[in-house]
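sequence first, then the predicted structure, then my questions.
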Amino acid sequence: MSHSYQATPGTRHNDPVHAVVAALNDVFAGVPHVMFSVKEPGGTYLAVNQAFAERAGRAAGAVLGHTAHDLFPADLADTYDAQDAAVLASGEPMRNELELILRPDGTRGWYVTTKTRLDDRADATPASAVAVLGIVAVSYDLRTGLAVDRHHANLQAAIDLARRGYAEPLRVADLAAAAGLSTPQLERALRRAVGMSPKQLLMRTRLDEAMRRLDDTDLPIAAIAGACGFYDQSSFTRQFRRAVGMAPGAYRARRQGR
(Lines give C-alpha, C1' and ligand atoms only; values in the text may rest on other atoms or scores of the structure.)
Protein backbone atom coordinates (compact mmCIF):
# COMPACT_ATOMS: atom_id res chain seq x y z
CA MET A 1 0.00 0.00 0.00
CA SER A 2 1.31 3.44 -0.86
CA HIS A 3 2.22 5.76 1.99
CA SER A 4 2.84 8.93 0.06
CA TYR A 5 1.15 11.96 1.60
CA GLN A 6 -0.22 15.33 0.65
CA ALA A 7 -0.20 18.40 2.85
CA THR A 8 -2.13 21.62 2.60
CA PRO A 9 0.17 24.28 1.12
CA GLY A 10 0.28 27.87 2.22
CA THR A 11 -1.03 27.51 5.76
CA ARG A 12 0.50 29.57 8.52
CA HIS A 13 1.68 26.37 10.22
CA ASN A 14 2.92 24.75 7.03
CA ASP A 15 6.62 24.43 7.94
CA PRO A 16 6.30 22.56 11.28
CA VAL A 17 3.39 20.51 10.00
CA HIS A 18 5.32 19.58 6.87
CA ALA A 19 8.30 18.50 8.97
CA VAL A 20 6.14 16.29 11.20
CA VAL A 21 4.35 14.71 8.25
CA ALA A 22 7.61 14.10 6.40
CA ALA A 23 9.04 12.38 9.47
CA LEU A 24 5.94 10.22 9.88
CA ASN A 25 6.04 9.30 6.22
CA ASP A 26 9.63 8.12 6.63
CA VAL A 27 8.72 6.08 9.72
CA PHE A 28 5.72 4.34 8.15
CA ALA A 29 7.00 3.92 4.60
CA GLY A 30 6.56 0.26 3.74
CA VAL A 31 4.43 -0.52 6.79
CA PRO A 32 1.08 -1.81 5.47
CA HIS A 33 -2.33 -0.82 6.84
CA VAL A 34 -1.05 2.13 8.87
CA MET A 35 -2.56 5.57 8.41
CA PHE A 36 -1.76 8.99 9.76
CA SER A 37 -3.27 12.44 9.65
CA VAL A 38 -2.54 15.94 10.89
CA LYS A 39 -5.40 18.28 11.78
CA GLU A 40 -5.43 21.90 12.82
CA PRO A 41 -7.04 22.65 16.21
CA GLY A 42 -10.34 23.45 14.52
CA GLY A 43 -10.52 19.96 13.03
CA THR A 44 -9.56 20.61 9.40
CA TYR A 45 -7.23 18.04 7.89
CA LEU A 46 -3.88 19.55 6.93
CA ALA A 47 -2.12 16.35 5.86
CA VAL A 48 -2.96 12.69 5.33
CA ASN A 49 -1.31 9.65 3.80
CA GLN A 50 -2.85 7.48 1.09
CA ALA A 51 -3.99 4.81 3.54
CA PHE A 52 -6.06 7.43 5.39
CA ALA A 53 -7.52 8.82 2.17
CA GLU A 54 -8.63 5.34 1.11
CA ARG A 55 -10.66 4.88 4.26
CA ALA A 56 -12.41 8.19 3.47
CA GLY A 57 -13.11 7.00 -0.08
CA ARG A 58 -11.28 9.95 -1.63
CA ALA A 59 -7.97 10.90 -3.14
CA ALA A 60 -5.56 12.34 -0.58
CA GLY A 61 -5.89 15.84 -1.98
CA ALA A 62 -9.69 15.69 -1.71
CA VAL A 63 -9.47 15.08 2.06
CA LEU A 64 -7.47 18.21 2.82
CA GLY A 65 -9.42 21.21 4.03
CA HIS A 66 -12.30 19.00 5.25
CA THR A 67 -13.29 17.86 8.73
CA ALA A 68 -14.18 14.40 10.06
CA HIS A 69 -17.89 15.28 9.77
CA ASP A 70 -17.42 15.97 6.06
CA LEU A 71 -15.88 12.54 5.51
CA PHE A 72 -17.29 9.99 7.96
CA PRO A 73 -20.60 8.94 9.57
CA ALA A 74 -21.70 11.25 12.35
CA ASP A 75 -21.24 8.76 15.18
CA LEU A 76 -17.64 8.05 14.18
CA ALA A 77 -16.86 11.71 13.59
CA ASP A 78 -18.24 12.64 17.00
CA THR A 79 -15.93 10.09 18.62
CA TYR A 80 -12.92 11.49 16.78
CA ASP A 81 -13.86 15.06 17.73
CA ALA A 82 -14.25 14.12 21.41
CA GLN A 83 -10.84 12.45 21.39
CA ASP A 84 -9.27 15.50 19.77
CA ALA A 85 -10.85 17.86 22.27
CA ALA A 86 -9.50 15.85 25.19
CA VAL A 87 -5.97 15.75 23.75
CA LEU A 88 -6.01 19.45 22.89
CA ALA A 89 -7.29 20.43 26.33
CA SER A 90 -4.96 18.26 28.40
CA GLY A 91 -1.89 18.08 26.21
CA GLU A 92 -1.67 14.40 27.16
CA PRO A 93 -1.38 11.85 24.34
CA MET A 94 -4.11 9.29 23.75
CA ARG A 95 -2.34 5.96 23.38
CA ASN A 96 -3.53 2.66 21.91
CA GLU A 97 -7.22 3.56 21.87
CA LEU A 98 -9.43 0.87 20.38
CA GLU A 99 -11.96 2.44 18.03
CA LEU A 100 -14.14 1.79 15.02
CA ILE A 101 -12.89 3.20 11.72
CA LEU A 102 -14.11 2.73 8.16
CA ARG A 103 -12.11 0.32 6.06
CA PRO A 104 -11.58 1.04 2.35
CA ASP A 105 -14.50 -1.25 1.45
CA GLY A 106 -16.89 0.82 3.60
CA THR A 107 -17.22 -1.69 6.43
CA ARG A 108 -16.37 -0.77 10.00
CA GLY A 109 -13.41 -2.38 11.67
CA TRP A 110 -11.40 -2.17 14.84
CA TYR A 111 -8.32 0.00 14.72
CA VAL A 112 -5.83 1.02 17.40
CA THR A 113 -5.17 4.76 17.43
CA THR A 114 -2.62 7.00 19.10
CA LYS A 115 -3.05 10.78 19.05
CA THR A 116 -0.79 13.54 20.29
CA ARG A 117 -0.96 17.31 20.36
CA LEU A 118 1.39 19.11 17.98
CA ASP A 119 2.89 22.11 19.77
CA ASP A 120 5.27 24.83 18.58
CA ARG A 121 7.67 25.48 21.44
CA ALA A 122 10.24 27.41 19.45
CA ASP A 123 9.24 30.79 20.85
CA ALA A 124 7.72 29.61 24.12
CA THR A 125 8.92 31.10 27.39
CA PRO A 126 7.94 30.21 30.95
CA ALA A 127 5.52 33.13 30.90
CA SER A 128 4.03 32.44 27.47
CA ALA A 129 1.58 29.87 26.25
CA VAL A 130 2.73 27.13 23.90
CA ALA A 131 1.27 27.54 20.43
CA VAL A 132 -0.94 24.56 19.61
CA LEU A 133 -0.63 23.65 15.95
CA GLY A 134 -2.99 20.68 15.88
CA ILE A 135 -3.35 16.94 16.34
CA VAL A 136 -1.25 14.11 14.91
CA ALA A 137 -2.97 10.71 14.72
CA VAL A 138 -1.65 7.28 13.75
CA SER A 139 -3.91 4.21 13.42
CA TYR A 140 -3.46 0.59 12.39
CA ASP A 141 -5.98 -2.04 11.41
CA LEU A 142 -6.24 -4.52 14.27
CA ARG A 143 -7.67 -7.27 12.08
CA THR A 144 -4.72 -7.10 9.73
CA GLY A 145 -2.22 -7.00 12.56
CA LEU A 146 -3.73 -10.07 14.18
CA ALA A 147 -3.90 -11.95 10.91
CA VAL A 148 -0.12 -11.95 10.57
CA ASP A 149 0.57 -12.87 14.20
CA ARG A 150 -0.09 -16.52 14.91
CA HIS A 151 -0.14 -15.87 18.66
CA HIS A 152 -3.07 -13.48 18.19
CA ALA A 153 -4.84 -15.35 15.43
CA ASN A 154 -8.02 -15.95 17.47
CA LEU A 155 -8.08 -12.67 19.36
CA GLN A 156 -10.42 -11.16 16.78
CA ALA A 157 -13.07 -13.68 17.89
CA ALA A 158 -12.97 -12.25 21.41
CA ILE A 159 -13.23 -8.70 20.07
CA ASP A 160 -16.14 -9.64 17.82
CA LEU A 161 -17.96 -11.29 20.74
CA ALA A 162 -17.53 -8.16 22.84
CA ARG A 163 -18.91 -6.08 19.98
CA ARG A 164 -21.94 -8.34 19.43
CA GLY A 165 -22.67 -9.00 23.08
CA TYR A 166 -22.40 -5.51 24.54
CA ALA A 167 -25.88 -5.82 26.06
CA GLU A 168 -25.17 -9.17 27.73
CA PRO A 169 -23.48 -9.78 31.08
CA LEU A 170 -20.37 -11.08 29.38
CA ARG A 171 -17.47 -12.23 31.50
CA VAL A 172 -13.79 -12.22 30.67
CA ALA A 173 -14.00 -16.02 30.67
CA ASP A 174 -16.54 -15.83 27.84
CA LEU A 175 -14.15 -13.76 25.73
CA ALA A 176 -11.29 -16.13 26.50
CA ALA A 177 -13.38 -19.13 25.44
CA ALA A 178 -14.26 -17.41 22.15
CA ALA A 179 -10.58 -16.86 21.48
CA GLY A 180 -9.61 -20.37 22.49
CA LEU A 181 -7.34 -18.98 25.20
CA SER A 182 -7.13 -19.17 28.95
CA THR A 183 -8.10 -16.02 30.84
CA PRO A 184 -4.45 -15.12 31.60
CA GLN A 185 -3.48 -15.77 27.97
CA LEU A 186 -6.28 -13.48 26.75
CA GLU A 187 -5.23 -10.78 29.21
CA ARG A 188 -1.63 -10.86 27.99
CA ALA A 189 -2.53 -11.12 24.29
CA LEU A 190 -5.05 -8.30 24.40
CA ARG A 191 -2.71 -5.98 26.28
CA ARG A 192 0.05 -6.69 23.76
CA ALA A 193 -2.27 -6.12 20.80
CA VAL A 194 -4.28 -3.06 21.87
CA GLY A 195 -2.91 -1.97 25.22
CA MET A 196 -6.05 -2.70 27.21
CA SER A 197 -7.52 -5.41 29.40
CA PRO A 198 -10.53 -7.56 28.48
CA LYS A 199 -12.66 -5.55 30.93
CA GLN A 200 -11.60 -2.33 29.23
CA LEU A 201 -12.47 -3.86 25.86
CA LEU A 202 -15.98 -4.68 27.06
CA MET A 203 -16.41 -1.16 28.42
CA ARG A 204 -15.22 0.39 25.18
CA THR A 205 -17.63 -1.58 23.00
CA ARG A 206 -20.55 -0.68 25.27
CA LEU A 207 -19.63 3.00 25.16
CA ASP A 208 -19.29 2.92 21.36
CA GLU A 209 -22.80 1.54 21.03
CA ALA A 210 -24.14 4.05 23.57
CA MET A 211 -22.66 6.92 21.57
CA ARG A 212 -24.30 5.59 18.41
CA ARG A 213 -27.68 5.47 20.14
CA LEU A 214 -27.26 8.95 21.60
CA ASP A 215 -26.59 10.17 18.04
CA ASP A 216 -29.22 8.22 16.17
CA THR A 217 -32.16 7.79 18.56
CA ASP A 218 -34.30 9.80 20.98
CA LEU A 219 -34.28 7.06 23.61
CA PRO A 220 -33.97 8.23 27.22
CA ILE A 221 -30.46 8.02 28.59
CA ALA A 222 -31.55 5.48 31.22
CA ALA A 223 -32.91 3.24 28.48
CA ILE A 224 -29.68 3.50 26.49
CA ALA A 225 -27.69 2.65 29.60
CA GLY A 226 -29.71 -0.52 30.16
CA ALA A 227 -29.67 -1.55 26.50
CA CYS A 228 -25.89 -1.20 26.35
CA GLY A 229 -25.17 -3.41 29.33
CA PHE A 230 -24.67 -0.86 32.11
CA TYR A 231 -25.95 -1.63 35.58
CA ASP A 232 -27.74 1.73 35.94
CA GLN A 233 -27.71 5.27 34.59
CA SER A 234 -25.31 6.49 37.26
CA SER A 235 -22.71 3.90 36.32
CA PHE A 236 -23.19 4.68 32.64
CA THR A 237 -22.77 8.43 33.19
CA ARG A 238 -19.61 7.92 35.24
CA GLN A 239 -17.98 5.67 32.64
CA PHE A 240 -19.12 7.84 29.73
CA ARG A 241 -17.73 11.00 31.30
CA ARG A 242 -14.43 9.30 32.00
CA ALA A 243 -14.05 8.12 28.38
CA VAL A 244 -15.58 10.99 26.41
CA GLY A 245 -14.94 13.94 28.69
CA MET A 246 -18.58 14.94 29.13
CA ALA A 247 -21.86 13.50 30.43
CA PRO A 248 -24.18 11.66 28.00
CA GLY A 249 -26.74 14.46 28.16
CA ALA A 250 -24.14 17.09 27.27
CA TYR A 251 -22.83 14.90 24.45
CA ARG A 252 -26.33 14.56 22.97
CA ALA A 253 -27.08 18.27 23.35
CA ARG A 254 -23.85 19.20 21.59
CA ARG A 255 -24.65 16.81 18.75
CA GLN A 256 -28.22 18.06 18.35
CA GLY A 257 -27.12 21.68 18.52
CA ARG A 258 -24.68 21.32 15.64
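Cool, got the structure.

for the closest residue to residue 183 other than its chain neighbours, give me its contacts.
Leaving aside its chain neighbours, residue 183 sits nearest to residue 176 (4.7 Å; criterion: CB to CB, 6 or more residues apart in numbering). For the C-beta atoms, the positions are set from N, CA and C on the backbone; glycine is no exception. Contact analysis of residue 176 by CB atoms under 8 Å, 6 or more residues apart in numbering lists 158, 182-183, 185-186, 198.

filter the residues you listed to the buried ones?
Neighbour counting by 16 or more other CB atoms under 10 Å classes 158, 186, 198 among the contacts of residue 176 as buried.

just the ones of those in helices?
Of the positions in the buried ones among the contacts of residue 176, 158, 186, 198 sit in helices, assigned by DSSP state H.

near the residue lying closest to the last one once chain neighbours are set aside, how many other residues are there?
Setting aside the residues directly before and after it, residue 198 is nearest to residue 172 in space (CB to CB, 6+ apart), at 4.4 Å. Here the number of neighbours of residue 172 (other CB atoms under 10 Å) works out to 17.

OK, contacts around residue 172?
183, 186-187, 198-199, 202.

what's the closest of those residues to residue 58?
Residue 58 lies nearest to residue 202 out of these, by CB to CB, at 34.0 Å.

ok so, going back, reformat the ones in helices among the buried ones among the contacts of residue 176 as a markdown table; add pLDDT and distance to residue 36.
Listed next are these as a markdown table, based on pLDDT from 0 to 100; distance: CB to CB, whole Å:
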| residue | pLDDT | distance to residue 36 |
| --- | --- | --- |
| 158 | 86 | 27 |
| 186 | 89 | 30 |
| 198 | 90 | 28 |
